[in-house]
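Trainee: Sharing a sequence plus its predicted fold:
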Amino acid sequence: MTTTLLPVGAPSIRSRPVYAPLEPRPASQHLIVADGEGAEAVVELFAKAPDRSAMLAISHIMYTPGPNGTDQAASLQALGAAQFFRAPSIPALLPRLAKVLADAHMGIQFYLAGTEGLIGQAERDIMNTGFPFASIQKEHRGSTVRRVQCVHCKGITENVATDPFKCSHCGLNLFVRDHYSRRMAAFQGVNIDAEDPGQVPESVVRFK
Amino acid sequence: MSLDFKPGAFNDFFRDETFRGDFTYRNSNPRRFPFPFDRDDYMYSVNMEPHVPGRPGTVFEHLLDVDEHYVAEMQDRAKVLAEDPLRCQSLPHMTLAGWDTLELIMEAKSRDYPQWFSLTKDGNRWHWVNRPLGIEQTFTFLDESTLPCGPFEYIMRQTQGDWTLQDERDGTLWMDAGIATSQADWSVDFDVGMNFHEWHAPVPLAHEKGVFDRALKFLLKLQHGAPVRRFNWTMTVNPLLDTAPETYPKWGPMKTTLTPENLGQKQHLRVELQSLYRLPRSNAIAFDIRCYLASFDEIVTVPKWARRLHRVIRDLPDELATYKGFIRNRPAMVEWLSKYDDGAPTSPGWWPDD
């Protein structure tokens, strides 16, 4: 078990998600899911659309404030999409997403923007519905806090900012790997002091 | 599902032994151990070769090696699955690949070990007998309702080695089913559903060398009826089959118990004989990761292996010793092994010289 703490943004491993700016694509419907500063990426997405009003007419935007409190719902509502929804939190957003996915047809395009926690959970639910991941675009904006699964107790701790951190379920000291599961929508946390109980490196803020 | 291990399962051949607690695991014949180093140094490579029957009396004699540890390993697997059912997973679209795997294993074992296994078919009505485990089952092939659990889990509870099943789509392989109760520190629960590059992501150095790009290219061309194999290896303190990340807080502290006096008995070389099979109906690829353990005491009974293991461990890059989880014990291991290395040259290849 390595305990090397890489800075965020350092060259990383192949399961680490990659992100790119959202680009408008031809579609029968556009489903946009964003949180926090992801709203800015969505505004830029529509600015790039060849026919903005036509795209808006078949767009459904779902938004929730970021884990750092950033709430730019007003800027998205002002776009005038066919449907706009502001949820107070990610868990409150997901049931609506599930219904929209159940009703969606092939030809839909997905645009996810904001924190990795929001992007990961939306992507997981989209892929579970059977849509190809090639129809999903992801752009990371805003907070870099992570959603981490404890490999020991399986509990997920949301919005992890420090490394190592204490599992919010079982209390073990975990270091945060870059290893990422799309099925879990989570990074992996592994006990850091198993071989030397109590010898825990000082916790540093790695994700802000 | 639980297996009824009938009394008398351990006869003269199968060892009654443990991989936990009092750790009574031993190799009756260390020379049977698949020593994985064909030269005096080691670096990752794809190192694939056809998986064809090999020398009689070795682990390569048959397609699937059933050895003296079979019954004890299956008991250990049943315990792990009872403690943590998440160790065996199969995504819904992988059931057909599970049947393919069941067929592969039942046919190989009944062909190569007729004294222990038999399979008789009347159309899709199959009758399976596993004498060492005391199992007799009549079922309908491809009808899940006729087995006590899914086909993958059913046959995995009777098969040594961790197995994963890879679905092929979008030009890559997806690990969409797997069982891991004897794994070298990777989580099937976390990794299931990942593609080839994702689940190998934590391995250091190999990506940069293009090892995984080449391996994937090779595997996508794998043909039914032409399986391949390769070795992997690591180190384990005590003969623990189950070194899962899930239970790392339990077994990790064992790494701190080595002393110069107990090292030969407690430190084990852990070898994975990995074999890959293209499956006929699902077009999935089955990956068998078979674990063999030998204590340093057992290994140094073969002089060539003793010399070579010393040189490999001494010269291994730090990244690999760290990734394989034995960096803290490497100096002690090298010191202990050095007593068995007189500097004499070693012959090429794995086999003992004498």
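Mentor: Noted; the coordinates are in hand.
Trainee: all contacts plus neighbour counts: C-alpha atoms, from now on.
Mentor: Fine.
Trainee: Spatially central, which residue of the chain would that be?
Mentor: Let's take chain A. For chain A, the residue nearest the mean C-alpha position is A:Ile119 (2.3 Å; C-alpha atoms, centre = their mean).
Trainee: not quite, I wanted chain B
Mentor: Chain B, centroid-nearest residue using C-alpha atoms, centre = their mean: B:Arg290 at 1.7 Å.
Trainee: Could you pull out the buried residues of stretch A:27-43?
Mentor: A:27, A:29-42 (16 or more other C-alpha atoms under 10 Å in any protein chain shown).
Trainee: cool, stretch B:236-254 as well?
Mentor: So for stretch B:236-254, counting by 16+ other C-alpha under 10 Å, buried means B:236-249, B:251-252, B:254.
Trainee: So is that stretch next to chain A?
Mentor: Yes. Among the residues of stretch B:236-254, B:Pro245, B:Glu246, B:Thr247, B:Tyr248, B:Pro249, B:Lys250, B:Gly252, B:Pro253, B:Met254 lie within reach of chain A under C-alpha under 8 Å from any C-alpha of the partner chain.
Trainee: check contacts around the second one.
Mentor: The reference is to B:Glu246. For B:Glu246, the contacting residues are A:Val151, A:His152, A:Cys153, B:Ser187, by C-alpha atoms under 8 Å, 6 or more residues apart in numbering or on different chains.
Trainee: ok, and what's touching stretch B:292-312?
Mentor: B:26-27, B:30-31, B:33-35, B:37, B:39-42, B:239, B:263-273, B:334, B:337-338, B:340-344, B:346-347, B:352-353.
Trainee: what's the first-to-last distance across stretch A:44-52?
Mentor: 11 Å (C-alpha to C-alpha, to the nearest Å).
Trainee: those helices in chain B, which residues are they?
Mentor: B:70-83, B:95-112, B:151-156, B:188-191, B:196-199, B:211-220, B:248-251, B:263-266, B:296-299, B:303-315, B:318-323, B:330-338 (DSSP state H).
Trainee: With chain A instead?
Mentor: A:38-47, A:52-57, A:73-77, A:90-103, A:116-128.
Trainee: The residue nearest to the centre of chain B: what's it in contact with?
Mentor: B:Arg290 makes contact with B:Gln160, B:Gly161, B:Asp162, B:Val271, B:Glu272, B:Leu273, B:Gln274, according to C-alpha under 8 Å, 6+ apart.
Trainee: Repeat the analysis, applying 7 Å as the threshold.
Mentor: B:Gln160, B:Gly161, B:Asp162, B:Glu272, B:Leu273, B:Gln274 (C-alpha atoms under 7 Å, 6 or more residues apart in numbering or on different chains).
Trainee: can I get the CA coordinates of the strand ranked longest in chain A in PDB?
Mentor: The longest strand of chain A (DSSP state E) is strand A:173-181. Extracted in PDB, the C-alpha atoms of strand A:173-181 (Å, rounded to 0.1, in the frame of the first residue of the first chain):
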ATOM      1  CA  ASN A 173      -8.000   6.400   9.100                       C
ATOM      2  CA  LEU A 174      -8.100   6.200   5.300                       C
ATOM      3  CA  PHE A 175      -5.800   7.500   2.600                       C
ATOM      4  CA  VAL A 176      -7.500   8.500  -0.700                       C
ATOM      5  CA  ARG A 177      -6.400   6.700  -3.800                       C
ATOM      6  CA  ASP A 178      -6.800   8.000  -7.300                       C
ATOM      7  CA  HIS A 179      -8.400   4.600  -8.200                       C
ATOM      8  CA  TYR A 180     -12.000   5.400  -9.200                       C
ATOM      9  CA  SER A 181     -15.000   3.200  -9.800                       C
END
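Trainee: Adjacent strands (with direction) for it?
Mentor: According to DSSP bridges, strand A:173-181 forms sheet pairs with strand A:165-166 (antiparallel), strand A:186-191 (antiparallel).
Trainee: what angle do the longest one and helix A:116-128 make?
Mentor: Put plainly, it is strand A:186-191. 120 degrees (axes from the mean of the first three to the mean of the last three C-alpha atoms, to 10 degrees).
Trainee: now strand A:186-191, how far from the centre of its chain.
Mentor: 16 Å (C-alpha atoms, centre = their mean, to the nearest Å).
Trainee: could I have that strand exported to PDB, CA atoms only?
Mentor: Provided in PDB are the C-alpha atoms of strand A:186-191 (Å, rounded to 0.1, in the frame of the first residue of the first chain):
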ATOM      1  CA  ALA A 186     -16.500   6.900  -5.800                       C
ATOM      2  CA  PHE A 187     -12.700   7.000  -5.200                       C
ATOM      3  CA  GLN A 188     -11.200   4.300  -3.000                       C
ATOM      4  CA  GLY A 189     -10.200   4.900   0.600                       C
ATOM      5  CA  VAL A 190      -7.700   2.400   2.200                       C
ATOM      6  CA  ASN A 191      -6.600   2.200   5.900                       C
END
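Trainee: Correct me if wrong: B:Lys255 contacts B:Val237.
Mentor: Yes. Counting by C-alpha atoms under 7 Å, B:Lys255 touches B:Val237, with 5.8 Å between them.
Trainee: Enumerate every residue touching B:Phe287.
Mentor: Contacts of B:Phe287 (C-alpha under 7 Å, 6+ apart): B:Trp163, B:Thr164, B:Leu165, B:Gln274, B:Ser275, B:Leu276, B:Tyr277.
Trainee: Quick check, the second one in contact with B:Ala286.
Mentor: Yes. With contact defined as C-alpha under 7 Å, B:Thr164 counts as touching B:Ala286 (6.0 Å).
Trainee: Map the structural domains onto the sequence of chain A.
Mentor: Domain assignment for chain A by automatic domain parsing gives A:29-140, A:146-205.
Trainee: where are the low-confidence patches of chain A?
Mentor: By pLDDT under 70, the weakly predicted segments of chain A are A:1-12.
Trainee: Please identify the residues of it in proximity to chain B?
Mentor: Residues of chain A lying close to chain B (C-alpha under 7 Å from any C-alpha of the partner chain) are A:1-2, A:13-15, A:151-152, A:179, A:181, A:183, A:191, A:194-195.
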